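Asks: sequence first, predicted model second:
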Amino acid sequence: MKLSGLRWWIVALLFGASVLNYVDRNSLALLAPTIQSQLGFDDQAYARIQNAFLVAYTVALLASGFMVDRFGARLSLALFVGWWSLASFLTGWANSVFSLGLFWLMLGLGEAGNWTAAPKAAQEWFPARERGLAMGIYTAGTPLGMTLAPIFVVGLAGMFSWRAVFWTTGLLGLLWMIPWVWLYRPVKTHPLLAEKERRWILSDSTGSNSTNTVTAHWTWLQALGRKEVWFLLLGRMISDPVWFFYLIWYPKYLVSERGLTQTQLKSTWVMFLAASVGSLVGGWFAGRLIRRGFGPERARLFTMLGCVAVMPLSLLVTRVPTVGMSLALASVIVFAHLAWLANISALVVDVVPAASLGKVFGLVAAGSSAGAIAMNGLVANFLKQGSYNQWFVIAAFLHIGAWLCLSPLLRRKITPAVLQRA
């Protein structure tokens, strides 16, 4: 028996893993007021706990990329999801700042792997013309997880306790592993894959600079010596703190500055639904430009330039008079950022040899975590002065700086021949 559209089943599982990934990590931000009250810690301790996650996450991005290149997406992602699900389950037993920080650090070690294994799976299962959409779909799991999180997490905590939230999400991750291990196999030999779909996946009829058939391998030193890797790393380091702020701090902003209760934080699902749509639209729009004859790099950077134009709205988030208006502006901003993120992720796949994709994707994503760590420190210091305003001013202009870092890719033609000489 053959499964029709098997590549879309694979991307659906990647989407599910991304949903779980962000439900898990967003739980602490949503439950922070309650957990802080019960365990007795302040905002500076909260920032340190979140940074423990991010430091572990940054280190794990590098190690997980190596694992993905060495062991493949199937085994690696199963191990990553299993580890972070165990960490989430253990978080439900935390009884001190130390144990909460330790389990959150463990969560970071596991969750990073989702973002090195998923691009590898997309590269293996989709030709270039569909790859941006595929990556947009599983990236959309990020904000959808956060869309569901306020409803699921706050609702479950209200019915039972904050601990029950972490026990439940841990069990869900372990259940996800069953269909993943069953369905994921190499494309060339997959027994459930129809021949017509197999030929389509293995083709690359776009005439792009895609590297999905390139067998070149970059060492760590070669990767660090490539200008395009540094362009991509800096692009994420500069821009991703905006997203991490809305993940980690914006719920706390709504409580402390806008007077919302923890139960009322359910309304933030609107913002993350907008982000989910943005991820899909960003991947779809760039794919449409590619079909019209744009090169992949040009199509993605043109789409990202449109996202840049939205970011100055950050200046208004704290200045509008109502919670609804603030949330609406935040929704537009995260819509644009996730459209941006889908495309910068696809750029990595466009310019990196397939054999080194996990390693380089981990290196680039480590830049994202480094930026988020710096953001946490800045915001915590701004709050000592009593205001989030300075951060929102900075956030208004980060994406234009990131786009300028990436713009040399418009002038650079990355070809398989160049990659094989690396």
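Replies: That came in fine, so what should we check first? Numbers count the residues shown, from 1 in each chain.

Asks: by residue count, which helix of the protein is the longest?
Replies: Ranked by residue count and defined by DSSP state H, the top helix of the chain is helix 6-39.

Asks: excluding chain neighbours, what is closest to Pro191?
Replies: Leaving aside its chain neighbours, Pro191 sits nearest to Arg185 (7.3 Å; criterion: C-beta to C-beta, 6 or more residues apart in numbering). Where you see a C-beta, it was placed from the backbone N, CA and C, and this is true even at glycine.

Asks: thought the one you found was touching Arg74?
Replies: Yes: under the criterion of C-beta atoms under 8 Å, Arg185 makes contact with Arg74 at 7.2 Å.

Asks: show me which of those two is the more surrounded one.
Replies: Arg74 (18 against 15; other C-beta atoms under 10 Å).

Asks: burial measure for Gly259, as a count.
Replies: Neighbourhood size, Gly259 [other C-beta under 10 Å]: 9.

Asks: kindly apply the preceding question to Ile373 instead.
Replies: 20.

Asks: same deal with Phe41?
Replies: Residues near Phe41, counting by other C-beta under 10 Å: 18.

Asks: name the nearest residue to it, sequence neighbours excluded.
Replies: Here the residue nearest Phe41, using C-beta to C-beta, 6+ apart, is Val97, at 4.8 Å.

Asks: what's the answer for Asp69, then?
Replies: Gly358 (4.2 Å).

Asks: thought the one you found was touching Thr116?
Replies: Yes: Gly358 lies in contact with Thr116 (C-beta under 8 Å); the separation is 4.7 Å.

Asks: who has more neighbours out of the two?
Replies: Remark: of Gly358 and Thr116, Thr116 carries more neighbours, 31 against 28, as counted by other C-beta under 10 Å.

Asks: doesn't Ser64 make contact with that one?
Replies: Yes: judged on C-beta under 8 Å, Thr116 makes contact with Ser64 at a distance of 4.7 Å.

Asks: re the thing from before, next, show the common contact partners of Gly358 and Thr116.
Replies: 64-65, 67-68, 76 (C-beta atoms under 8 Å, 6 or more residues apart in numbering).

Asks: of these, which pair is most distant in space?
Replies: Greatest spatial distance in the shared contacts of Gly358 and Thr116: Gly65 and Ser76, 9.5 Å, computed using C-beta to C-beta.

Asks: and those two? which has more neighbours close in?
Replies: Neighbours were counted for Gly65 and for Ser76 using other C-beta under 10 Å; Gly65 has more, 30 against 24.

Asks: what helix or strand does Ser239 sit in?
Replies: helix 227-248 (DSSP states H and E).

Asks: summarise which helices and strands that helix is packed against.
Replies: helix 6-39, helix 323-351, helix 357-384, helix 389-395, helix 398-406 (3 or more C-beta pairs under 8 Å, 6 or more residues apart in numbering; DSSP states H and E).

Asks: so which of these is nearest Ser203?
Replies: helix 6-39 (12.4 Å).

Asks: right, and the helix or strand after that closest one?
Replies: Of the helices and strands lying after helix 6-39 in sequence (DSSP H and E), the nearest is helix 43-71.

Asks: now the angle from that next one to helix 227-248?
Replies: Here helix 43-71 runs at an angle of 140 degrees relative to helix 227-248 (axes from the mean of the first three to the mean of the last three C-alpha atoms, to 10 degrees).

Asks: can you list the buried residues in helix 43-71?
Replies: Judged by neighbour count using 16 or more other C-beta atoms under 10 Å, the buried positions of helix 43-71 are 43, 45-47, 49-62, 64-65, 67-69.

Asks: again, but for stretch 246-257
Replies: 246-255.

Asks: how far out from the middle of the chain is that stretch?
Replies: 19 Å (C-alpha atoms, centre = their mean, to the nearest Å).

Asks: tell me the mean pLDDT over that stretch?
Replies: Across stretch 246-257, the average pLDDT comes to 86.

Asks: start and end of that stretch, how far apart?
Replies: Start and end residues of stretch 246-257 are separated by 14 Å (C-alpha to C-alpha, to the nearest Å).

Asks: repeat that for stretch 344-364.
Replies: First-to-last residue span, stretch 344-364, C-alpha to C-alpha: 10 Å.

Asks: next, the buried residues of it.
Replies: Residues 344-354, 356-364 are the ones in stretch 344-364 that count as buried (16+ other C-beta under 10 Å).

Asks: before we move on, back to that, before we move on, which element is the residue nearest to Pro191 in?
Replies: Here Arg185 is assigned to no helix or strand, by DSSP H and E.

Asks: quick one: contacts for it?
Replies: With C-beta under 8 Å, 6+ apart, Arg185 has these contacts: 74, 191-192.

Asks: again, only using 10 Å
Replies: 6, 10, 74, 191-193 (C-beta atoms under 10 Å, 6 or more residues apart in numbering).

Asks: also Trp243?
Replies: 142-143, 236, 275, 333-334, 337-338, 340-341, 368, 371-372, 375.

Asks: quick one on the thing from earlier: do I have it right that the residue nearest to Phe41 meets Phe103?
Replies: No: assessed by C-beta atoms under 10 Å, Val97 is found out of contact with Phe103, at 11.3 Å.

Asks: so for those two, which sits in the more crowded spot?
Replies: Phe103 (23 against 18).

Asks: where are the low-confidence patches of this protein?
Replies: Counting by pLDDT under 70, the chain shows low-confidence ranges at 128, 143, 204-216, 411-422.
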